[in-house]
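Participant: need the 3D shape of this:
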Amino acid sequence: MEFINKSELVFSDLSDEKYREYDFGDHIIRINNPLKLNVSESNGHRVFDRQGISHYIPFEWYELRWEIKEGCSHFAF
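Facilitator: Numbers count the residues shown, from 1 in each chain. The predicted model follows:
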C-alpha cells in the first residue's frame, strides 16, 4: 500500500520491525508490520502499518486507529 501524507509531519521508516508494542501495564497495543512513525511534540505516536491502518497512540492513553478510503491521505493534519 502506498503511504500518502498530506500533513507537514515527518515520518521515520519502521519497515525493519515485525511488530511494535505499547505497554500500558494492564493493556498492550500491538501493531504488526509497522512502516512509518511520527512522534509529536506531546509524545503521541502516529504509526502507519502494512495493512493500510493508521494508528495514533496518545501519550498516557490507549489508541485511536483508522483505515482510509483508497487514494485518501493516511494523515492529513
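
Participant: do I have it right that Lys18 meets Leu35?
Facilitator: No. Proximity of Lys18 to Leu35 does not meet the contact threshold set by CB atoms under 8 Å, at 11.8 Å. (C-beta placed from N, C-alpha, C; glycine too.)

Participant: which one of these two has more residues nearby?
Facilitator: Leu35 (21 against 7; other CB atoms under 10 Å).

Participant: pLDDT score assigned to that one?
Facilitator: Looking at Leu35, its pLDDT reads 96.

Participant: that one and Asp49, how far apart?
Facilitator: Note on Leu35: its distance to Asp49, by CB to CB, to the nearest Å, is 6 Å.

Participant: summarise which helices and strands the helix or strand where Leu35 lies is packed against.
Facilitator: In the assignment (DSSP states H and E), Leu35 maps to strand 34-39. Helices and strands touching strand 34-39, by 3 or more CB pairs under 8 Å, 6 or more residues apart in numbering; DSSP states H and E, are strand 12-13, strand 45-49.

Participant: mean pLDDT, distance to Asp26 and mean neighbour count added to the ones you listed, as a markdown table?
Facilitator: Output for the helices and strands packed on strand 34-39, formatted as a markdown table (pLDDT from 0 to 100; distance: least, CB to CB, whole Å; neighbours: other CB atoms under 10 Å):
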| stretch | mean pLDDT | distance to Asp26 | mean neighbour count |
| --- | --- | --- | --- |
| strand 12-13 | 94 | 28 | 10 |
| strand 45-49 | 95 | 19 | 21 |
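
Participant: many thanks, have a good one.
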